[in-house]
Each structure stands twice: as C-alpha cells, then as structure tokens.
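> below: sequence and its predicted model.
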Amino acid sequence: MSEDKGIVLYLHVHQPWRVREYSIFDVAWKHDYFSGGQNPAQDNQKIFQKVAEKSYLPMNVLLEKLLKKYPDFKLSISFSGTFLEQAEQFNPDVLDSFRRLVKTGQVEILSSPYHHSLAFFYSRKEFERQIELHRWKIREVFGVETRVLANTELAYSDELAKWAEQYGFKGVLAEGWDPILNWRSPNYVYRPTGTEKIGLLLKNYRLSDDLAFRFSDQKWSDWPLTIDKFNTWVTDSVRYAPLLNLFMDYETFGEHQWAESGIFDFFEKFVGKWLSVSGNTFYTVSEALAKNKPAGEISMPSPVTWADAERDLTAWNGNSLQKEALRYVYELRDEVLKSGDESLINDWRKLQTSDHFYYMGTKCFTDGDVHAYFSPYDSPYDAFLYYMNAIRDMRSRLRK
C-alpha cells in the first residue's frame, strides 16, 4: 500500500442537445428539434459559447498553468460525445485547449456513453454501441485509449461493474453513498461484488459538494470556504486513508460557481498548498487503482447515482412523465436502427440524453430547485410536451 496521500480529481464535461419549443404543428414537417428556435434558453450554440467563456476556456488556462508548474498535479476527465460535437461545431478553440491538457501526459480521459444516456438500464445493446462510439470519438479527437468507466451521472450497480470487467475496463467510478458504505470510508479502492479484477473508486460527496454546490452559498454555515479550512478537511479525511476522490462537473468552475465567487483563485491556491507537503500528490484514476489494493468488497444491487437526495435513478424516472418519455424513446430502438437512416438514428440517440428526462422532474424542495435551475423550460410539463412532440415526429419519419 502506497504511503502517499493522493487526491483523485475527476471532472465531467457535458452539454446536451436541448430540444427547442417544438410544437405539435412542427410534427411531420420540421425535424429540427435541436435548432434553438426563438428562445435563447434552448439555443445550444449560445449556451455553449456562454459556458465556454465563463468556464471551459478560463479553467483550461488555469489547468494548463498548474500542469506545467506542478508535475505531481494530475486529473481525470470524461467528455460526453454531445459536448465534443458542440465544441467542434461551435467553438473549436475549446477543443484545442482540452487537447493541450491531454498532451501533458498528466490527464486521463475516461469512458462514458457517447450520448450521456441511461441506456445501460434500458437497452444493453444500445449502451454497448454508445460506449464504442465514445471510444472511437476519443481516439479521433485526442488519440488516446480509455481504461476506466464513468457511467452517465455515475449511475452504478453491481451489474454494471460485472459488465465493465467483462468488457475489459480496469476500473469504474461511483457515488460513495453512506447507506451503501455504512461505517466504511469512500477514501479507498474497493472491489465490486461479483468481480475479480476491476477496481471501484467512490466519490467523497461531502468534500466534492463543498466545492460543487456550497462554495458560494452564503447561507452555508462554513461560508466563506477558505483554503486553510478546506485543506484541513482534506488532510483530516486522508489521515488514515490513501485517497480522496473529488468528483464533480467541470462546469463547477466558472458556470455553477462564478468567477466572482473566487473559485478559480481558490482552486489554484489549494492545489499549491496541498502539493507543498511532502508525500501529498494527485493521481489519475488509473494510477489510484494501480497503487492501491482493494480494501474490501462493495455491493450495490440497485442503481446508485450522484444526483438528488435519494442518489438513485428517480431524478430521471421518478414520475409518470419521465417513465412515459423513456418508454417511448427506447421502444423506437429496433425500428430506428432497422431504418439505416443515419440522420434519424443520430436524432434518436440525442433524444436519449439523460438531461431531457431530468428537465421533466417534479420533485420539491432542494432537489426541485436544482432541476429548475438547469432546465431551459418554464415547467417540467413543457419539457415533456416538446420532447413527446419530437418523438411523434420520429414516428412520422419512420412511416415515410
């Protein structure tokens, strides 16, 4: 067992193809579900450019600086295929900035479903196809291979781990959820139940969410979060453990937590402070798995995710709207694939992106606020209406 104390920083980069206000009068006439229409909240190009300016470009400048300054600073990133498509189409400079990070050799890219879908739980063949599409895209864009799996929204179960091992992955990521861990710490490598070789890395959700969700929350009892305070928490967390897994959305930096909050300066100084102590380092996910033997076995028979208070799939399939939309899109699978129409197949896969179903969420309190914050629609019912109109149009295209 390594005596070093390592932070495993994993950032997920994603943008969906949002469905515009696609009305019943567009069905069987217009097929431009993702064009943006008249509402800037659904304009994928404008949204991408905004997030690029606020998050992707400034964060990549900072990361490149840190990677050059500190040889021990490393991180792991996953990209949805839909993000990569938008970057190529809307702002190639963003893609170039990510390529520069990967070329340092200190950044690992993870595997995930190309269309940021929940296909593993609805169509195994479709899931496997999206994994292959994603691997091909990563090779094309970055020239590297992926060895570790991060499923959409960290949606994980024992069954996923078994599949990942059979598929040749060395590791998989999941949420370190207390009801699953009981007395155990997320700060170790574990072995998924029913597997022999694959490793499991679990998100330390408390410290991850201190940055991702609470950093600028002035109602939080620990606001403002200082570098010394966070460094103390991190140091205490790994006093008897080898790892700290900080997993979050890439857009945490600059988009969810604005530059005015001080998030960029905080992150830069924290990295320097952590690495100033002998024995402290950063690992890519593969390095963490290679350097640390599993401390025990973890079982998650039912799906666990990193979303909402329940940490299950109900953020996407918890109400009747979501269930119906999911049923309809996956029922189209055989017909769509049999058509051989690449445009139709591509649109169908874009409609599998989990965000569409997330926007249909009707939960209350904090989770409901988060759903509403990310939604480009006035209500979950509007999200459902426009989505189902697109599904109706897909059916009409199949009949032609």
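Received the coordinates, thanks.
> for the chain, what helix or strand is lowest in average pLDDT?
Least confident helix or strand of the chain, by mean pLDDT, DSSP states H and E, is helix 365-374 with a mean of 53.
> can you give me how far stretch 186-197 is from the chain middle?
With C-alpha atoms, centre = their mean, to the nearest Å as the basis, stretch 186-197 stands 21 Å off its chain's centre.
> span of it from start to end?
Distance between the two ends of stretch 186-197: 19 Å, counting by C-alpha to C-alpha, to the nearest Å.
> list the buried residues for that stretch?
186-192, 195 (16 or more other C-beta atoms under 10 Å). C-beta coordinates here come from the backbone N, C-alpha and C atoms, glycine included.
> stretch 195-208 too?
Neighbour counts over stretch 195-208 (16+ other C-beta under 10 Å) mark 195, 198-205, 207-208 as buried.
> just checking, W348 touches E331?
No: W348 lies out of contact with E331 (C-beta atoms under 8 Å); the separation is 11.0 Å.
> more neighbours: which of those two?
The residue with more neighbours, out of W348 and E331, is W348; 25 against 13, by other C-beta atoms under 10 Å.
> picking that back up, next one: the following helix or strand past the least confident helix or strand of the chain to chain centre, how far?
Using DSSP states H and E, the helix or strand that follows helix 365-374 in sequence is helix 380-399. Distance of helix 380-399 from its chain centroid, counting by C-alpha atoms, centre = their mean, is 25 Å.
> do stretch 222-241 as well
Distance, centroid of stretch 222-241 to centroid of chain: 24 Å (C-alpha atoms, centre = their mean).
> likewise for stretch 149-156?
7 Å.
> dump that stretch to PDB, restricted to CA.
Extracted in PDB, the C-alpha atoms of stretch 149-156 (Å, rounded to 0.1, in the frame of the first residue of the first chain):
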ATOM      1  CA  LEU A 149     -15.600   3.700 -17.000                       C
ATOM      2  CA  ALA A 150     -17.700   6.600 -15.600                       C
ATOM      3  CA  ASN A 151     -21.300   5.900 -16.500                       C
ATOM      4  CA  THR A 152     -23.700   8.800 -17.100                       C
ATOM      5  CA  GLU A 153     -24.400  10.600 -13.800                       C
ATOM      6  CA  LEU A 154     -22.200   8.000 -12.100                       C
ATOM      7  CA  ALA A 155     -25.200   5.600 -12.400                       C
ATOM      8  CA  TYR A 156     -23.700   2.400 -11.000                       C
END
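> give me the contacts around that stretch.
The contact list for stretch 149-156, computed with C-beta atoms under 8 Å, 6 or more residues apart in numbering, reads 10, 12, 78, 110-113, 116-118, 120-121, 131, 160, 164, 169, 171-175, 203, 247, 300, 303-307, 313, 315-316, 354.
> again, 6 Å this time
Contact partners of stretch 149-156, identified using C-beta atoms under 6 Å, 6 or more residues apart in numbering, comprise 78, 110-113, 116, 118, 164, 169, 172-175, 303-307, 354.
> in helices, which of those appear?
Within the contacts of stretch 149-156, residues falling in helices by DSSP state H are 164, 354.
> now list the buried members of the contacts of stretch 149-156.
Neighbour counting by 16+ other C-beta under 10 Å classes 78, 110-113, 116, 118, 164, 169, 172-175, 303-307, 354 among these as buried.
> what about these, which are in strands?
78, 172-175 (DSSP state E).
> farthest pair within these?
Greatest spacing in those, by C-beta to C-beta: S78 and E175 (14.8 Å).
> tell me where the stretch 151-300 of the chain has helices.
158-166, 178-181, 205-212, 227-237, 263-275, 285-291 (DSSP state H, counting those that start in this stretch).
> now those helices in JSON lines, with mean pLDDT?
Below are the helices of the stretch 151-300 of the chain laid out as JSON lines (pLDDT from 0 to 100):
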{"stretch": "helix 158-166", "mean pLDDT": "99"}
{"stretch": "helix 178-181", "mean pLDDT": "94"}
{"stretch": "helix 205-212", "mean pLDDT": "98"}
{"stretch": "helix 227-237", "mean pLDDT": "98"}
{"stretch": "helix 263-275", "mean pLDDT": "99"}
{"stretch": "helix 285-291", "mean pLDDT": "99"}
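> coming back round to it: farthest-separated two in the buried residues of stretch 186-197?
Pairwise over the buried residues of stretch 186-197, using C-beta to C-beta, the maximum falls at N187 and T195, 20.4 Å.
> closest to G6 among the ones in strands among the buried ones among the contacts of stretch 149-156?
L173 (15.3 Å).
> so which other helices or strands are in contact with the longest strand seen in the chain?
The residue-count maximum for a strand in the chain (DSSP E) belongs to strand 5-13. For strand 5-13, the packing partners by 3 or more C-beta pairs under 6 Å, 6 or more residues apart in numbering; DSSP states H and E come out as strand 75-79, strand 243-249, strand 280-283.
> partner strands of it and their direction?
strand 75-79 (parallel), strand 243-249 (parallel), strand 280-283 (parallel) (DSSP bridges).
> and the next helix or strand after it, what's buried?
Proceeding N to C from strand 5-13, the next assigned helix or strand is helix 44-51, under DSSP H and E. Across helix 44-51, burial judged by 16+ other C-beta under 10 Å covers 44, 47-49, 51.
> cool, and stretch 171-184?
Neighbour-count burial for stretch 171-184, counted by 16+ other C-beta under 10 Å, picks out 171-177, 180.
> and what of stretch 30-49?
Using 16+ other C-beta under 10 Å as the test for burial, stretch 30-49 gives 31, 33-34, 36-37, 42-44, 47-49.
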